[in-house]
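Asker: Build me a model from this:
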Amino acid sequence: MIVTVTPNPALDLTWHVAALQPGSTHRADTGQARAGGKGVNVARVAHAEGASACAVVTHGGATGEEFFAELVASGVPHVTVPVHGATRRSIALVDETAGDTTIVNERGAALEEVEWDVLRRVTRAALAAGRAAGLGEKPARLLSSRARDLAERTARSREEPVHPARYRALDGMGGAGFSSGKTAVPGAGVLVISGSFPPDTPDDVLPSLIGLGRNAGATVIVDTSGPALLAAADAGASVLKPNEHELRDATGLDDPVDGARELIRRGAELVLLSLGADGMLAVTPTASGDVHVLHARLGEVLAGNPTGAGDAAVAACAVLMDAGIHDPEQILRRATAWSAAAVLMPLAGEIHPSWPELESALTFAEKPLPARDTRTGEVSHVEADVSPASDPKETR
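Answerer: Numbers count the residues shown, from 1 in each chain. Predicted structure coming up:
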């Protein structure tokens, strides 16, 4: 099972406008609101594509109530941890003429020490439920009960009521809902820690969450930015998924391969590096102590809403790894295709059904491809060892 942890989720608000002009008044059709945050988007995509997933998220305030109601309606399996601060908002303005998106993210509210403790305990319970599922058990109600008990104890300390429906989404996840359809071993599964952290987050939070995953035998994927990206590598995250700007900011290195090499040196086993219109790199360590680089991208630039593209890439990686597929080439192909398919959808947390065709159309190389001119979509030349990507052999 895939467990995603989103300590700083958001109510995503999206509007589409004909053309965005700074300083001007715009009119738009009714916007859309949905439960978001990177880990929620990962769980949403994985669940929609048939994988067993559970989103662990915080939830608070009036915004949090709207967030929670949409999450329940979505059908994505989840456990929410009640917190004192209000769930933040993320605003996306999609410019349909330019084909790009402007995003404004609230920073979120700091969590109290007891709330961090509950989040860790619920994450541990979710990982244990995933292990039990791999052994053919039906752990949904056990996880729901544990999460409810933890939340009720937290609420009692503040004399606040707990919404009884908060954990109902897990109650139907018995048997086949958790089962991967194959024999699994204790500890099999994936933990995804994704997105930003609230202000004033203690330094030990991210390493402790990664430790929970490692202790449970799970593959740990982290998608974050800033100093937390380096902390994740140091703490033993298996996979890191920055974009080129996040990697440069974290490492201070301009060359993306050099930046990925630094994360590998610190302990990462795979770096999936988003390059925007230039596709994605998969960087892995070699026996000689250097790195191996694979590059995949589409032959043309897609216009649309890129808000959830990185989350779709993480979902692809998590789904394949949860199925026991760890080959970097197969992961890169699927992650690049799902990322591109997300751009074609109006909201984050969805991928276009044409992703198999996009995967077949990928250009693939065993070294970074020449940079594309983002204004024209053209490249300066074609490398001799570049070839179109073929469909991977595993089942979609």
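Asker: so what's the backbone phi/psi at Arg270?
Answerer: Residue 270: Leu, not Arg. Here is the backbone geometry of Leu270 (degrees, to the nearest 10): phi -150, psi 130.
Asker: mind checking the end-to-end distance for stretch 96-113?
Answerer: 43 Å (C-alpha to C-alpha, to the nearest Å).
Asker: low-confidence ranges in the stretch 51-200 of the chain?
Answerer: 131-188 (pLDDT under 70).
Asker: can you pull out the strands in the stretch 151-300 of the chain?
Answerer: Using DSSP state E, counting those that start in this stretch, the strands of the stretch 151-300 of the chain run over 190-194, 219-223, 239-240, 270-274, 280-285, 291-297.
Asker: quick one, the first one and strand 219-223 angle?
Answerer: Read that as strand 190-194. Between strand 190-194 and strand 219-223, the angle comes out at 10 degrees (axes from the mean of the first three to the mean of the last three C-alpha atoms, to 10 degrees).
Asker: Please list the outside residues in contact with strand 190-194.
Answerer: Strand 190-194 is touched from outside by 1-6, 37-39, 41-43, 123, 127, 206, 209-210, 212-213, 216, 218-224, 232, 237, 311, 314, 318, 321-322, with contacts defined as C-beta atoms under 8 Å, 6 or more residues apart in numbering. For the C-beta atoms, the positions are set from N, CA and C on the backbone; glycine is no exception.
Asker: now do 7 Å
Answerer: 2-6, 38-39, 42, 127, 206, 209-210, 213, 218-223, 314, 318, 321-322 (C-beta atoms under 7 Å, 6 or more residues apart in numbering).
Asker: thinking again about what came up before, among the strands of the stretch 151-300 of the chain, single out whichever gets nearest to Glu350.
Answerer: When these are compared by C-beta to C-beta, strand 190-194 sits nearest Glu350, at 16.4 Å.
Asker: So which bits of the closest one are buried?
Answerer: Using 16 or more other C-beta atoms under 10 Å as the test for burial, strand 190-194 gives Val190, Leu191, Val192, Ile193, Ser194.
Asker: Tally up the residues packed near Pro199, please.
Answerer: Here the number of neighbours of Pro199 (other C-beta atoms under 10 Å) works out to 12.
Asker: Go ahead and confirm it touches Glu106.
Answerer: No - the pair Pro199 / Glu106 is not scored as a contact, 10.6 Å apart, by C-beta atoms under 7 Å.
Asker: could you say what helices and strands the helix or strand hosting Ala69 packs with?
Answerer: Per DSSP states H and E: Ala69 is located in helix 61-74. Helices and strands touching helix 61-74, by 3 or more C-beta pairs under 7 Å, 6 or more residues apart in numbering; DSSP states H and E, are strand 10-17, strand 32-36.
Asker: can you count the residues close to Pro198?
Answerer: With other C-beta under 10 Å as criterion, Pro198 counts 19.
Asker: unless I'm mixing things up, it is touching Ala110, no?
Answerer: Yes - the criterion here is C-beta under 7 Å, and Pro198 meets it with Ala110 at 5.2 Å.
Asker: before we move on, back to that, any chance of the strands of the stretch 151-300 of the chain in JSON lines, plus distance to Arg261?
Answerer: What follows is the strands of the stretch 151-300 of the chain, written out as JSON lines (distance: least, C-beta to C-beta, whole Å):
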{"stretch": "strand 190-194", "distance to Arg261": "22"}
{"stretch": "strand 219-223", "distance to Arg261": "17"}
{"stretch": "strand 239-240", "distance to Arg261": "12"}
{"stretch": "strand 270-274", "distance to Arg261": "9"}
{"stretch": "strand 280-285", "distance to Arg261": "7"}
{"stretch": "strand 291-297", "distance to Arg261": "5"}
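Asker: Pick the most buried one from those.
Answerer: Highest mean neighbour count among the strands of the stretch 151-300 of the chain (mean count of other C-beta atoms under 10 Å): strand 190-194, with a mean of 29.
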